[in-house]
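Peer 1: A structural model of the following input is requested.
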Amino acid sequence: MSKSAFKLQGQLLAFVIKEGYKVKYLRIAVGDRELWIKLPKKVRTSLDPRLTPGCYLKIKGTQKQEKTGELKLVAKSVKLSQPSAPEPSTATEKPPKTPARILVCGKSACRKRGGMQVCQVLENKLRDRGLEDQVQIKTTGCLKACKQGPNLIVMPDKKRYQRVQAPEVPAIVAEHFANQDPVTPSRKEIAAATTEAVERLVKVSV
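Peer 2: This next block holds a predicted model:
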């Protein structure tokens, strides 16, 4: 399939970092689907420094259907936009049904502040509530708030959390995914999860 042009407006979910520092892709939410858009060097070096996850972008570029059926999107221009009614996307990919997601910064600054422990408690808590198949946990590139780490974003609510500690995880999960799990945890369950998380942190720090 030959290349064709596309344009879209969507919300930036995360940067995909390769080789430790290069922003290779932008993860963009357009309606109920998620697109990965490749950034050539020329576009990457001219990115607006104000770009942060959650902002809205207008993107123009080229698209090509690979033999595998995957749609390859390459940006030619990326501009900040207002969160008004989005322009219809001309990218032809069929919209996949995306589950709820928790995006956790995977960079070293957040890991050193307890990011890995936060991920582990998230996995355990989602499994305890039977949500492991409904809610995805994904590590991302830098979320541009290293000193406030660990950082995470809960989608589709678009709620950002900073300085997250493991004992706070049960409350975050309960706040955003209560409708997906009608069973409300008891105080005893919350206390047990908190105690376990604290013990994990103590073992790591020793």
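
Peer 1: hey, let's count contacts and neighbours off CA atoms from now on
Peer 2: Fine.

Peer 1: buried ones in the strand or helix carrying Lys72, by neighbour count?
Peer 2: In this structure, Lys72 sits in strand 71-81 according to DSSP states H and E. Buried residues in strand 71-81, counted by 16 or more other Cα atoms under 10 Å: 71-78, 80.

Peer 1: the residues you listed into JSON lines, with extra columns for distance to Ala174 and pLDDT?
Peer 2: JSON lines is the format used below for the buried residues of strand 71-81 (distance: Cα to Cα, whole Å; pLDDT from 0 to 100):
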{"residue": "Leu71", "distance to Ala174": "36", "pLDDT": "82"}
{"residue": "Lys72", "distance to Ala174": "37", "pLDDT": "90"}
{"residue": "Leu73", "distance to Ala174": "36", "pLDDT": "93"}
{"residue": "Val74", "distance to Ala174": "38", "pLDDT": "94"}
{"residue": "Ala75", "distance to Ala174": "38", "pLDDT": "94"}
{"residue": "Lys76", "distance to Ala174": "41", "pLDDT": "94"}
{"residue": "Ser77", "distance to Ala174": "40", "pLDDT": "94"}
{"residue": "Val78", "distance to Ala174": "36", "pLDDT": "94"}
{"residue": "Leu80", "distance to Ala174": "33", "pLDDT": "91"}
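
Peer 1: kindly reformat those residues as CSV containing distance to Leu143.
Peer 2: Converted to CSV, those look like this (distance: Cα to Cα, whole Å):
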residue, distance to Leu143
Leu71, 26
Lys72, 24
Leu73, 22
Val74, 22
Ala75, 21
Lys76, 23
Ser77, 21
Val78, 18
Leu80, 17
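
Peer 1: just those residues now: which is nearest Leu57?
Peer 2: Leu57 lies nearest to Leu80 out of the buried residues of strand 71-81, by Cα to Cα, at 4.6 Å.

Peer 1: isn't the closest one up against Leu57?
Peer 2: Yes - between Leu80 and Leu57 there is a contact at 4.6 Å, judged by Cα atoms under 8 Å.

Peer 1: how close does Met116 sit to Val30?
Peer 2: Remark: distance between Met116 and Val30 (Cα to Cα, to the nearest Å) = 29 Å.

Peer 1: circling back: what's the closest of the buried residues of strand 71-81 to Glu132?
Peer 2: Nearest member of those to Glu132, counting by Cα to Cα, is Leu71, at 27.9 Å.
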